Each structure stands twice: as C-alpha cells, then as structure tokens.
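> sharing a sequence plus its predicted fold:
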Amino acid sequence: MHKIYITGIAGFIGFHIAEKLAMVGYEIGGVDDFNDYYDPELKKARAKILEDKYGIKTYNHDIEIIPWQHHLENYDGVIHLAAHAGVRHSLEYPQMYIDTNITGTQRLIHACEYYEIPVVYASSSCVDSDHLNPYAWSKYVNEKQFESSKLLAAGLRFYTVYGEYGRPDMALGLFAEAMAQGKPIDVYNDGDMQRDFTYVGDLVDGIHLVLENLLLTPAINHHEIYNLGTGKSNELMDYIECLENELGRVAQKNMLPMHPADVKSTQADITKIQGLGYNPTTTIQEGVKHFTDWFKDYYKGMYF
C-alpha cells in the first residue's frame with residue numbers, strides 16, 4: 001500500500017483524510033504547526049485520535065522552515081493542505097498568507113520535484129471569484145505554482161466544507177457556539193446568501209479518488225484542477241434552520257449587510273470529478289446532524 005504525507009494533518013480536512021486513508025490501509029505521515037488561529041486544543045484532539053487509533057504521529061513544524069529533505073524521502077505522494085485559512089482574517093493579516101500559503105508551498109514544491117513525488121493540494125472555490133482578498137489570491141497563486149512546476153499535481157477547489165471536528169471560525173461552528181451560549185449570530189446580506197455546503201465525509205471521498213487517480217498516472221509533468229462540492233446550492237437560512245432543529249433552540253439573528261470579502265452565491269460544477277466516480281450524497285440535514293451530534297459530545301459539560 002502507498003505511503004502518503006499530509007501537510008496540515010491536524011487540521012479539519014487533514015484529520016479526516018488521514019483517518020480515511022489509514023482505514024483503507026495507507027501508511028500516513030504528516031506535519032502541522034498547531035498555530036493559534038483557532039483553539040489549538042481542537043487540533044491536539046484530532047492529532048491524539050490519529051495517534052491513538054492509527055499510530056499516526058504528527059510532526060509539529062512550520063512548512064516555511066521545515067527541513068523537507070528529512071520528511072519526504074520514500075513517500076509515494078503528498079496531500080498538501082497546510083495553509084493560513086480564513087477569508088476575512090486575510091484582509092487584516094495579508095503577509096501571513098503570502099509567507100505560508102505561497103512561500104511555504106513553493107518550498108514544498110521544490111522538495112517534491114527533487115523526489116519526483118506527485119501532489120494533491122487544496123485550492124479554494126474563492127479562486128473562481130474576483131480574488132477580493134489575500135486568501136483567495138494566495139490560492140490562485142498556488143494553482144499557478146503547481147501548474148508551472150515539474151510535478152504531477154492536482155488542485156482541489158473546496159466548496160464550504162463542514163462536519164464534525166470542523167473549524168470553529170467557520171459559519172457552522174460560530175453559529176453553534178453562539179446559539180449554545182444564547183448569543184445572537186451574525187447573518188450577512190440579511191440572510192440572502194447561497195452556498196454549496198459540502199459535508200466533509202463526501203469531500204474526503206473525492207480527495208481519495210483524485211489521489212488514487214494520480215498515483216496511477218504516469219509520473220510526468222501534468223496538472224489538473226477539480227471542483228469538490230455537491231453541485232447544488234443551498235440557502236444560508238435553510239442551513240441555519242437545520243442547526244436550530246438539531247440544537248433545539250431558535251437563533252437570535254443579527255442581520256447585517258454583505259461582508260466585503262464575501263460572495264453572494266457558490267455552486268460547484270463537479271462534472272469533471274464525477275468522471276472519476278465522485279458521488280456526494282449527504283444532505284445538509286444529515287450533515288448538520290453529524291456535526292451537531294459531535295458538537296454536543298465534544299462540548300459536553302461546557303454548553304450542554
């Protein structure tokens with residue numbers, strides 16, 4: 001079975017794809033810097049599960065300075081997820097996004113070129129927008145970095161991923177925490193927003209398909225981009241209603257104008273990845289229930 005290295009392995013998506021691949025027999029290694037962009041205890045909890053259940057140890061290091069030559073030798077592929085996330089946060093701290101998302105990625109590319117290792121990497125649905133923020137254009141640059149590299153690579157544009165062990169700075173985590181404390185939630189554009197909400201279980205199935213396809217492809221300079229969403233767009237207010245139903249409480253809603261870093265609507269064209277067998281099936285009702293069951297258990301004794 002193949003040996004795969006995952007950057008950002010203790011992150012939301014990194015954790016889930018590491019677990020998925022370990023369950024089907026892959027040998028996994030990975031790195032994460034456990035930064036404090038959100039509570040690092042959540043990353044530590046994910047890393048502990050990976051170590052306790054699958055024997056996967058997470059190396060604690062920054063991808064801008066990690067000695068890649070000691071990490072990637074003998075690996076068959078890399079899944080590159082490490083990045084500073086957060087569209088709105090990037091407006092305040094753009095240099096962080098340049099240093100990690102662009103410079104850190106270039107260092108990884110150089111190492112993978114040396115070892116001739118194929119890479120599946122995270123892009124973002126916001127690359128399809130007008131690049132209104134540093135996060136968006138850092139991901140656009142990532143696509144160009146891999147496109148112009150000597151690597152066999154595939155970029156994945158993720159669409160609003162949610163699920164258990166999700167990032168607390170994303171909408172579902174922010175909404176759930178506020179509602180659990182009886183505080184109002186911020187709803188932008190007066191709730192008139194639509195998103196292709198993608199359950200993390202469906203997403204990791206897509207990552208797995210792309211990885212397996214890449215590992216079977218001749219090791220030549222070749223670059224592909226895939227959209228990873230559901231192909232459908234749901235109303236933000238319906239998403240909130242699902243959470244209200246699962247938490248058993250009605251949210252106080254602080255209606256606000258459109259945020260300058262937001263777009264009104266997203267919907268993935270998943271035709272290309274469907275050609276690999278991708279078939280997302282989780283409804284927002286099912287996905288939000290999975291998240292809420294985890295949220296109630298994880299924060300038991302704090303909010304519940």
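Arrived safely, thanks for sending. Numbering: from 1, shown residues only.
> list the contacts for Val204?
Each residue near Val204 by Cβ atoms under 8 Å, 6 or more residues apart in numbering is listed here: Ile13, His16, Ile17, Lys20. C-beta coordinates here come from the backbone N, C-alpha and C atoms, glycine included.
> so which of those residues belong to helices?
Counted as lying in helices by DSSP state H, out of the contacts of Val204, are Ile13, His16, Ile17, Lys20.
> I'd say Met109 and Leu151 touch.
I think there's a mix-up here, since residue 109 is Ile and not Met. Yes. Ile109 sits in contact with Leu151 when judged by Cβ atoms under 8 Å, with a separation of 6.6 Å.
> find residues that contact each of those two.
Jointly contacting Ile109 and Leu151 under the rule Cβ under 8 Å, 6+ apart are Val119.
> one step back: out of the ones in helices among the contacts of Val204, who has the most neighbours?
Highest neighbour count within the ones in helices among the contacts of Val204: Ile17, with 29 neighbours (other Cβ atoms under 10 Å).
> that residue against Ile6, yeah?
Yes. Using Cβ under 8 Å, Ile17 is in contact with Ile6, at 6.7 Å.
> overlap in contacts, these two.
Common neighbours of Ile17 and Ile6 (Cβ under 8 Å, 6+ apart) are Ile79, Leu81.
> what segments of the stretch 101-250 of the chain are strands?
For the stretch 101-250 of the chain, the strands defined by DSSP state E, counting those that start in this stretch occupy 119-122, 152-158, 161-162, 185-187, 194-195, 198-199, 222-228, 234-235.
> got those as a markdown table, with mean pLDDT, distance to Met179 and mean neighbour count columns?
As requested, the strands of the stretch 101-250 of the chain are arranged in a markdown table below (pLDDT from 0 to 100; distance: least, Cβ to Cβ, whole Å; neighbours: other Cβ atoms under 10 Å):
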| stretch | mean pLDDT | distance to Met179 | mean neighbour count |
| --- | --- | --- | --- |
| strand 119-122 | 98 | 29 | 26 |
| strand 152-158 | 97 | 25 | 24 |
| strand 161-162 | 98 | 15 | 24 |
| strand 185-187 | 96 | 7 | 17 |
| strand 194-195 | 96 | 19 | 21 |
| strand 198-199 | 98 | 20 | 26 |
| strand 222-228 | 96 | 28 | 20 |
| strand 234-235 | 98 | 18 | 17 |
